[in-house]
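A.B. asks: Structure of the sequence below:
(chains A, B, C and D)
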2 protein chains.
Amino acid sequence: MEPSIDPGASLKRTAHGVAPSLHVRLSDADAIPFPTRTVERGDALYCAGEPLRSLYTVQSGCFKTVSTYPGSDDDSTLHTQVTGFHFANETLGLDGVCTGRHESDAVALEPSVVRIMPVGILEPLCREYAAMQHTLLAIMSAEIVRASRLALMLGTMPARERVAAFLLDLSERLDASAATSGEHAVELSLPMTRADIGSYLGLELETVSRMLSKLQREGAIGLNGRQVRIVDRTMLAHH
Amino acid sequence: MEPSIDPGASLKRTAHGVAPSLHVRLSDADAIPFPTRTVERGDALYCAGEPLRSLYTVQSGCFKTVSTYPGSDDDSTLHTQVTGFHFANETLGLDGVCTGRHESDAVALEPSVVRIMPVGILEPLCREYAAMQHTLLAIMSAEIVRASRLALMLGTMPARERVAAFLLDLSERLDASAATSGEHAVELSLPMTRADIGSYLGLELETVSRMLSKLQREGAIGLNGRQVRIVDRTMLAHH
DNA sequence: CGGTCTGTTGATCTGAATCAAAAAGTGTGG
DNA sequence: CCACACTTTTTGATTCAGATCAACAGACCG
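C.D. replies: This is a model prediction of the structure:
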């Protein structure tokens, strides 16, 4: 039986979001029952340097990917940054395809489950099924766009805008999992710390905290620890 | 006759460079004579929003890719940044695969020639030839890494380090075209303006100019307009 | 309960942006 | 070939957004 492939149809585009979210299933889990793996909060799904064995699709939970830049060869001038957050239906490990080794660490922010797709199986499968090949290329391309958008954000936007854009992006990506039909999620519960957000946005954690407080004071959001309510979307988007 | 495919063998890895360069030929030009196109300095190879018709491999010359972030829907809060420079043997247009439309502008920095690979041909070809498929995936993955490295740089490094890393990256990527066997290029002639560099590095053009002057004063580089000589590689890399 | 991790807010400092001006290139047409 | 306009680059003076330093308040946990 031919596995049913779910191609570009479900590839959700976010025209204005910071990162286009990827609600794509590489293949129907029922047709090809890939194994799954559970990762505890704080544990690494994989680490930079490890040989690339599989790609992973998040089934539940949330991950951050952490990249390290070796400033000098030996000494302490090395830079580290969170380069992505990954929620349900998003794919992990794509950056390792070029070198055959993972280029970043993937750490679970909460207890999570991933579906494991061995890389050895992936390429032959894509050669067989055109739709699957197309979807994989689309996912990788979207990841390029996502990373470029992040660079654009870090290179051009002031702190307040970065935080606002971050919240808007999250709310767009979480609405699928929150099953809120039609519109975007309004109530977010952030799984990451202020330090994680800051690292991702190229800001210090104090600045993130300050900007969140300011957005609350201005009436754009409601804030209670890691619970965020989007009150005025327009206020977040503009300015 | 089967086109000879040049797979990962020539995929050049730069372990420490800002961006891994891509000296990969998707296919042997002699076997499949893809058409070429000449682009004058300042002209666009493609623009954001245009339907994706082909991917391009730079044969000679140099391009910058410019991304725009629609801050607000209508008004003037839109951000623009140079998100990449592309030299000989590097591939352009990959960011458009996900949406079917180009996500950035590609502008020639000098008179340039590209090889045109229609997207319609590409996917079937990759289904036919495993090595070609593998190479395409590797190229896209490398592009993800490149963009993430840029984000890391913009998020974590001070101005001086960004400029130094930029020069080191350039010297690594240009040595292939400069045919300097063994080591990296020492004499660079930058095809882009200070403003382009600044946009790429998330700095103002004045800051780029200042940092270049400072690096010269410190004896790390020799500077004469757009001619740069790498004098002390270690000094650039460390600190 | 003390201890560690997280988040908020305040005070101060600084690296890079901004404003400003002049010098050095680059190209054009007379 | 030169004069002119225009773009690019350099350098200086000033300002400011965000980093850094510091203190405290909850939250969570063994």
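A.B. asks: Look up phi and psi at A:S104.
C.D. replies: phi -150, psi 170 (degrees, to the nearest 10).
A.B. asks: no no, A:D43
C.D. replies: Here is the backbone geometry of A:D43 (degrees, to the nearest 10): phi -80, psi 150.
A.B. asks: So it sits against A:A108, correct?
C.D. replies: Yes. Counting by CB atoms under 8 Å, A:D43 does reach A:A108; the two are 5.6 Å apart. Yep, even glycine has a C-beta here, placed from its N, CA and C like the rest.
A.B. asks: near chain B at all, the longest helix along chain A?
C.D. replies: For chain A, the helix with the greatest residue count under DSSP state H is helix A:130-156. Yes. Contact of helix A:130-156 with chain B (CB under 8 Å from any CB of the partner chain) involves A:130, A:133-134, A:136-145, A:147-156.
A.B. asks: before we move on, back to that, please identify which of A:D43 and A:A108 sits among more neighbours.
C.D. replies: Just comparing A:D43 and A:A108: by other CB atoms under 10 Å in any protein chain shown the higher neighbour count belongs to A:A108, 23 against 12.
A.B. asks: Can you name the element that comes right after the longest helix of chain A?
C.D. replies: Using DSSP states H and E, the helix or strand that follows helix A:130-156 in sequence is helix A:159-178.
A.B. asks: Which elements pack onto that following helix?
C.D. replies: In terms of contacts (3 or more CB pairs under 8 Å, 6 or more residues apart in numbering or on different chains; DSSP states H and E), helix A:159-178 is packed against helix A:130-156, strand A:187-189, helix A:194-201, helix A:205-217, strand A:227-230, helix A:233-237.
A.B. asks: Check which residues of it are buried.
C.D. replies: By neighbour count, with 16 or more other CB atoms under 10 Å in any protein chain shown as the criterion, the buried positions of helix A:159-178 are A:159-176.
A.B. asks: among these, which are within reach of DNA strand C?
C.D. replies: Near DNA strand C, taking CB under 7 Å from any atom of the strand as the test, no member of those is found.
A.B. asks: So for chain A, the centremost residue is which one?
C.D. replies: Taking CA atoms, centre = their mean as the criterion, A:H86 is the residue nearest the geometric centre of chain A, at 2.9 Å.
A.B. asks: need the contact list for the residue nearest to A:M140 when sequence neighbours are not counted.
C.D. replies: Spatial nearest neighbour of A:M140, excluding adjacent residues (CB to CB, 6 or more residues apart in numbering or on different chains): B:M140 at 4.4 Å. By CB atoms under 8 Å, 6 or more residues apart in numbering or on different chains, B:M140 lies in contact with A:V97, A:L137, A:M140, A:S141, A:I144, B:L94, B:V97.
A.B. asks: and if we set it to 7 Å?
C.D. replies: Residues near B:M140 by CB atoms under 7 Å, 6 or more residues apart in numbering or on different chains: A:M140, A:S141, A:I144, B:L94.
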